[in-house]
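S.K.: task: produce atomic coordinates for the following.
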Amino acid sequence: MDGFIQAFSAGVDAVDSFVWGWAMIVLLLGTHLYTTVRTRFIQRKIGTAIKLSVSQQDSDSAGDVSQFGALTTALAATIGTGNIVGVATGLLFGGPGAIFWMWITGVFGIATKYSETYISVKYRVKDENGEMLGGAMYALQRGFKHKKLGRVLAILFALFTFIASFGIGASVQSNSLAGVVTAYIPDLSGETLAGANALIGALLVVLVGVVIMGGIQSITRVTEKLVPLMALLYAVGCIVIICMNGPYVGEAIQLIVTCAFTGQAAFGGAVGSGVALALQYGFKRGLFSNESGLGSAPLVAASATTKNPARQALVSMTGTFWDTVIICAITGIMLVSTMLSDPSIEAGILAGNITAAAQLTTTAFSAIPVLGPIVLAVGMVLFTYSTMLGWAQYGNRAVMYLFGKKGIRPYQVAYLVFVFWGCIGGGQLVWNISDITNALMAVPNCIAVLGLGGVIAAGTRHYVYDKNLDEVDETPIPQVGTK
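M.R.: Below you'll find the predicted structure:
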């Protein structure tokens, strides 16, 4: 059995390296640059977007949840282990330069997040009960001129989303949460650790199940309250540590930028080096963090009450700004400055005492006496819990497209099984499987964004740059059968 697991893990590693080769990096970076140009650098409208996200909602427009509710549900799914454990993983295996490339995916990914949300809202449909459904699959099916190709790509996107939800949404989150929680319980080993993980898994199943069974309204009610609290709590913790590491912050930023382009060895070779590794892990963890290009956030954004596609697209793009441009950036600076200020961390990595990303983050937060570990533990619990809720809704939308309403309940049960499994197994294997499914989701979604670039450009020009953001899009929303 052990031999099979090792062989399977080796196979997953090989596939992960293949799908995250230069072709994927070129596709993502190319899409980010293309959408930036086609939207005339929509990033410069981030102030307007933030104002829209907190302003009075378009309650008189078509949709099921508020714009802010759709945003917080998407943020709940993106602000999670990608910001805490994901950044640390990128640092350990890709070196400090990976943090720079993560940040770049955020800056340019804002335009991609805007674009994928725009087509998701523009081509959304409604079911027999008037509930809104949208995402790359509907944009591909309805927007593409080549209907057969669009239909095939739509099915593939929905299928990859369905599979990815069990990894990035369920198993990775619960695995990370269990790892952090058990790290604060002394003298756990062997059967005791297994029992603790099983108990955490059972509790998570109940807490996640109660919410996701209630549908998107139930999920948004929770995320609207959780997301602002958890983001503020974690950001304050990072800023406090950065201030404590004040003399090393400038050096940390310089090291992050330098390693991104030179690939020089850092911390005595304790962490990954090389431009290729920095790029690979930067884009992998950047996508895992902000999901720009993945097509996940638009699955919920399509349910928002909004006057026109551009308004919700602007609101949605703030998610990438907060998630990667701000939170991942301060996480990376916090981690690198901490390693510079505390040589024992470098020694611990070289000695094999610090081998996991969660250990590195925990060590950094331990710099704040007493409160540091508590802030991290509470932040991880809130982050991972909310991410599981958000991704359950993404998977819900994929299942609705593939199997109709009859597939929802079986999917929810399967999702909870994977939540439990993540607590009692997984590890690096879970991360690698999630990386693969993320990449597979990104391919048809990027094709949708690139193929409908003209539609996005024309709509953006009309609504955003011609100052028609308050105009109501009167285009009829078609109804589809979902039995």
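S.K.: contact partners for Met400?
M.R.: Met400 sits next to 127, 133, 407-408, 482 when contact means Cβ atoms under 8 Å, 6 or more residues apart in numbering. Where C-beta positions appear, they are placed from N, C-alpha and C, glycine not excepted.
S.K.: and it, what element?
M.R.: helix 371-403 (DSSP states H and E).
S.K.: still on that earlier bit, switch the contacts of Met400 over to TSV; also include distance to Gly109.
M.R.: Output for those, formatted as TSV (distance: Cβ to Cβ, whole Å):
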residue	distance to Gly109
Asp127	31
Leu133	25
Gly407	31
Ile408	30
Thr482	31
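S.K.: among those, which are located in strands?
M.R.: Assigned to strands by DSSP state E, the following of the contacts of Met400 qualify: Leu133.
S.K.: keep only those of the contacts of Met400 that are in helices.
M.R.: Ile408 (DSSP state H).
S.K.: ok, so of the contacts of Met400, who is nearest Ile84?
M.R.: Nearest to Ile84, judged by Cβ to Cβ, of those is Ile408 at 30.4 Å.
S.K.: OK, contacts around that closest one?
M.R.: Counting by Cβ under 8 Å, 6+ apart, Ile408 touches 396, 399-400.
S.K.: hmm, which of the contacts of Met400 is lowest in pLDDT?
M.R.: When the contacts of Met400 are compared by pLDDT, Thr482 scores lowest at 63.
S.K.: let me see the ranges of the strands in the stretch 1-150 of the chain.
M.R.: Taking DSSP state E, counting those that start in this stretch as the criterion, the stretch 1-150 of the chain carries its strands at 125-126, 132-133.
S.K.: deepest-packed of those strands, please.
M.R.: Ranked by mean neighbour count, the strands of the stretch 1-150 of the chain are led by strand 132-133 with a mean of 22 (mean count of other Cβ atoms under 10 Å).
S.K.: partner strands of it and their direction?
M.R.: Strand 132-133 pairs in its sheet with strand 125-126 (antiparallel), by DSSP bridges.
S.K.: and the partner strand, how far out from the chain middle?
M.R.: 25 Å (Cα atoms, centre = their mean, to the nearest Å).
S.K.: and stretch 389-409, by the same measure?
M.R.: On the basis of Cα atoms, centre = their mean, stretch 389-409 sits 18 Å off its chain's mean C-alpha point.
S.K.: now do the buried residues in it.
M.R.: Buried positions in stretch 389-409, judged by neighbour count with 16 or more other Cβ atoms under 10 Å: 389-402, 407-408.
S.K.: what stretches of the stretch 101-250 of the chain score poorly on pLDDT?
M.R.: Residues of the stretch 101-250 of the chain meeting the criterion pLDDT under 70: 184, 186-191, 216.
S.K.: next one: the stretch 251-400 of the chain
M.R.: 263-270, 272-273, 288, 351-353, 355-358.
S.K.: Thr306 - how many residues pack around it?
M.R.: If you count neighbours by other Cβ atoms under 10 Å, Thr306 ends up with 27.
S.K.: Lys145 too?
M.R.: The number of residues packed near Lys145 is 7, by other Cβ under 10 Å.
S.K.: can you put the strands of the stretch 1-150 of the chain in TSV and add distance to Val107?
M.R.: Below are these laid out as TSV (distance: least, Cβ to Cβ, whole Å):
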stretch	distance to Val107
strand 125-126	33
strand 132-133	30
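S.K.: how about the ones you listed, which one is nearest Ala260?
M.R.: Nearest to Ala260, of all the strands of the stretch 1-150 of the chain, is strand 132-133, at 40.1 Å by Cβ to Cβ.
S.K.: now do the closest one: distance to the chain's middle.
M.R.: The answer for strand 132-133 is 21 Å, by Cα atoms, centre = their mean.
S.K.: quick one: Leu294 and Gly286 touch, right?
M.R.: No: applying Cβ atoms under 8 Å, one finds Leu294 not in contact with Gly286, separated by 10.6 Å.
S.K.: separation between Gly143 and Met132?
M.R.: Remark: distance between Gly143 and Met132 (Cβ to Cβ, to the nearest Å) = 17 Å.
S.K.: repeat for Cys238
M.R.: With Cβ to Cβ as the criterion, Cys238 and Met132 are 36 Å apart.
S.K.: likewise for Val236?
M.R.: Relative to Met132, Val236 is positioned 36 Å away (Cβ to Cβ).
S.K.: surely Asn396 and Ala414 touch.
M.R.: No: under the criterion of Cβ under 8 Å, Asn396 makes no contact with Ala414, lying 11.7 Å away.
S.K.: residue ranges for the strands of the stretch 251-400 of the chain, please.
M.R.: Under the criterion DSSP E, counting those that start in this stretch, the stretch 251-400 of the chain carries no strands.
S.K.: first-to-last residue distance for stretch 49-68?
M.R.: Separation of the first and last residues of stretch 49-68 by Cα to Cα, to the nearest Å is 11 Å.
S.K.: tell me the mean pLDDT over that stretch?
M.R.: 69.
S.K.: CA atoms of stretch 172-187 as PDB?
M.R.: The C-alpha trace of stretch 172-187 is given here as PDB (Å, rounded to 0.1, in the frame of the first residue of the first chain):
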ATOM      1  CA  VAL A 172      -6.600  21.700   1.400                       C
ATOM      2  CA  GLN A 173      -8.500  24.000   3.700                       C
ATOM      3  CA  SER A 174      -9.400  21.400   6.300                       C
ATOM      4  CA  ASN A 175      -5.900  19.900   6.100                       C
ATOM      5  CA  SER A 176      -4.300  23.300   6.800                       C
ATOM      6  CA  LEU A 177      -6.700  24.100   9.600                       C
ATOM      7  CA  ALA A 178      -6.100  20.800  11.300                       C
ATOM      8  CA  GLY A 179      -2.300  21.300  11.100                       C
ATOM      9  CA  VAL A 180      -2.500  24.700  12.700                       C
ATOM     10  CA  VAL A 181      -4.900  23.700  15.500                       C
ATOM     11  CA  THR A 182      -3.000  20.600  16.500                       C
ATOM     12  CA  ALA A 183       0.300  22.500  16.500                       C
ATOM     13  CA  TYR A 184      -1.100  24.300  19.600                       C
ATOM     14  CA  ILE A 185      -2.000  21.100  21.400                       C
ATOM     15  CA  PRO A 186       1.100  19.800  23.300                       C
ATOM     16  CA  ASP A 187       2.300  16.100  23.300                       C
END
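S.K.: quick one: buried residues of it?
M.R.: Neighbour counts using 16+ other Cβ under 10 Å place 172-181, 183 of stretch 172-187 among the buried residues.
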